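Asks: The following block contains a protein sequence and its predicted model.
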Amino acid sequence: MNKLQAMEVFVQVVDAGGFSKAADNMQLPKATVSTAIQQLEAALSVKLLHRTTRQVTVTADGAAYYERCLRILADVKDAEESLSRTRLSPAGRLRVDSPTGLASEILIPALPAFFERYPDIQLELGSSDRTVDLIEEGVDCAVRGGALADSNLIARRIGMIHFVTCAAPSYLERYGAPQHPRELERHRCVNYFSAKTGKVLDWDFTKDGERIQVPMPGVIALNDSNAYVQAGLVGLGVIQMTDYLLLEHVRAGRMVQLLADWQTDPLPVHVVYPQNRHLSAKVRVFVEWVAELFANHPAMRIHRLAPTLQEAA
């Protein structure tokens, strides 16, 4: 392994906080990663990492060397990708993560156009409603809905997602339709809980300056958006979910929008990536592509075109 490769291994170990995770991210044997660090320390005559049975931390010398490695590796990537940009075809593996609903309804249907534009990119798209650790899990960038808690990420806001309240006709035939959010306290609701904290999320409604935010009674709570919509479709209760996941069901008569004159707080959508990583050509073009996609996608314009899903339908 040459010096540049060893420097890249060192950066990966520091970012991942351990040899095993770095080896997984780089698809190398753990022994190869460990040997590379040992040889690098021997060549430099400096201890770069503190190793214990539980964790790996960087020494003071290692921290300084890490910052220099980042700059050197970034310059090397710039030189390599300048050639790629002259071919107008960024290449290589790109790992992206997205919430389930955004992936299935927005990103995946648009991917044929992405690959037509960038045929040399090999995309690995993870989709779940769990917030992944980009650095620890080796993810290049992610699309995220909601407030951002990680200040170590660079974020670009690319849109807003809006929510509506709906129920299946079978549910309404049995329990009736609520005319006010307070009436939901007497209904059966399908709740959503955070995959990260396990907390069941409250529902919110706003109209003419009045704001209502209450926990909803329910017999089931889910943490996957597609499963959540399915629970509403089979009549388990009233649901509150993103409008783009419910529009087609409303159009087909499988769901009925409720409380259309009440608004629910929208959430911002960002594309994020680590600030200590060089923004490679493939990441750059994906960020630009997904921003363009969200700016022009019909589902993202529903709220601006029509105040209710019935009118949009």
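Replies: On my side now, so go ahead.

Asks: hey, let's count contacts and neighbours off CA atoms from now on
Replies: Noted.

Asks: ok, the nearest residue to A168 once chain neighbours are set aside - how many residues close by?
Replies: Leaving aside its sequence neighbours, A168 sits nearest to M255 (Cα to Cα, 6 or more residues apart in numbering; 4.5 Å). If you count neighbours by other Cα atoms under 10 Å, M255 ends up with 27.

Asks: What residues of the helix or strand where D75 lies count as buried?
Replies: Using DSSP states H and E, the element containing D75 is helix 60-86. If you call a residue buried by 16 or more other Cα atoms under 10 Å, then helix 60-86 has these buried ones: G62, A63, Y65, Y66, C69, L70, L73, A74, D78, E81.

Asks: quick one, what contacts the third one?
Replies: Contact criterion Cα atoms under 8 Å, 6 or more residues apart in numbering gives L48 as the residues in contact with Y65.

Asks: shouldn't L94 be in contact with E124?
Replies: Yes - in this structure L94 lies within contact range of E124 using Cα atoms under 8 Å: 6.0 Å.

Asks: Now do the domain split for this protein, please.
Replies: Listed by automatic domain parsing, the domain ranges of the chain are 3-86, 92-159+267-300, 163-258.

Asks: now the ones you listed in a markdown table, with mean pLDDT?
Replies: Below are the domains of the chain laid out as a markdown table (pLDDT from 0 to 100):
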| stretch | mean pLDDT |
| --- | --- |
| domain 3-86 | 86 |
| domain 92-159+267-300 | 86 |
| domain 163-258 | 91 |
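
Asks: quick one: the strands in the stretch 1-150 of the chain?
Replies: With strands called from DSSP state E, counting those that start in this stretch, the stretch 1-150 of the chain shows them at 49-51, 56-58, 92-98, 121-127, 141-145.

Asks: Could you look over those strands and pick the most buried one?
Replies: strand 141-145 (a mean of 24; mean count of other Cα atoms under 10 Å).

Asks: Need the CA coordinates for it. CSV is fine.
Replies: Presented in CSV, the C-alpha positions along strand 141-145 are these (Å, rounded to 0.1, in the frame of the first residue of the first chain):
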residue,chain,number,x,y,z
CYS,A,141,-24.9,12.4,1.3
ALA,A,142,-28.5,12.1,2.5
VAL,A,143,-31.9,13.6,1.8
ARG,A,144,-33.6,14.4,5.1
GLY,A,145,-36.9,15.8,6.1
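
Asks: Adjust the sequence numbering to begin at 46 for everything that follows.
Replies: All set: I'll call the first residue 46, so the last point we hit is now strand 186-190.

Asks: and that strand, which strands flank it?
Replies: As defined by DSSP bridges, the strand partners of strand 186-190 come to strand 137-143 (parallel), strand 312-319 (antiparallel).
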